[in-house]
Structures are given as structure tokens and as C-alpha cells.
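Novice: whatever this is, show me its structure:
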Amino acid sequence: MAPGDTLKSLKMQDLAGSAIMAGFNQLPGSS
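Specialist: Numbers count the residues shown, from 1 in each chain. Modelled structure (predicted):
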């Protein structure tokens, strides 16, 4: 795997994690 692919993969995981956390924050009673 090329270094660029690793960076891209990490960035995608970071974006996915942020989206998941944002989704959890939207849940009622999560605050």
C-alpha cells in the first residue's frame, strides 16, 4: 500500500468517526 493510500484511509476513518460522533450528538438525551 502506498503512503498516500494510508493517509487517505486515515482521513476517511477520521471523517467517518466525526460523522458518527455528530450523529450521536444529535440523539435526544445524549447531552
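
Novice: phi, psi for Leu27 please.
Specialist: Per-residue torsions, Leu27: phi -70, psi 140 (degrees, to the nearest 10).

Novice: what stretches of this structure score poorly on pLDDT?
Specialist: The model of the chain has pLDDT under 70 over residues 1, 30-31.

Novice: all the helices of it, in order from the start?
Specialist: For the chain, the helices defined by DSSP state H cover 3-26.

Novice: would you quantify the distance from Met21 to Leu15?
Specialist: To Leu15, Met21 is 11 Å away according to Cβ to Cβ, to the nearest Å. Glycine gets a C-beta too; all of them are placed from N, C-alpha and C.

Novice: overlap in contacts, the two.
Specialist: Counting by Cβ atoms under 8 Å, 6 or more residues apart in numbering, Met21 and Leu15 have no shared contacts at all.

Novice: what about Pro28, neighbour count?
Specialist: 5 (other Cβ atoms under 10 Å).

Novice: what are the phi and psi angles of it?
Specialist: Main-chain torsions, Pro28, degrees, to the nearest 10: phi -70, psi 140.

Novice: show me what contacts it?
Specialist: Pro28 neighbours (Cβ under 8 Å, 6+ apart): none.

Novice: what's the separation between it and Met21?
Specialist: Counting by Cβ to Cβ, the gap from Pro28 to Met21 is 16 Å.

Novice: equivalent analysis for Leu27, please.
Specialist: Distance, Leu27 to Met21, by Cβ to Cβ: 11 Å.

Novice: neighbours around Gln13, how many?
Specialist: Applying other Cβ under 10 Å, we find 10 residues neighbouring Gln13.

Novice: before we move on, what about the one 5 residues further on?
Specialist: Using other Cβ under 10 Å as the criterion, Ser18 is surrounded by 10 other residues.

Novice: how far away is it from Pro3?
Specialist: Ser18 is 23 Å from Pro3, by Cβ to Cβ.

Novice: and for Leu27?
Specialist: As for Leu27, its distance to Pro3 is 37 Å (criterion: Cβ to Cβ).
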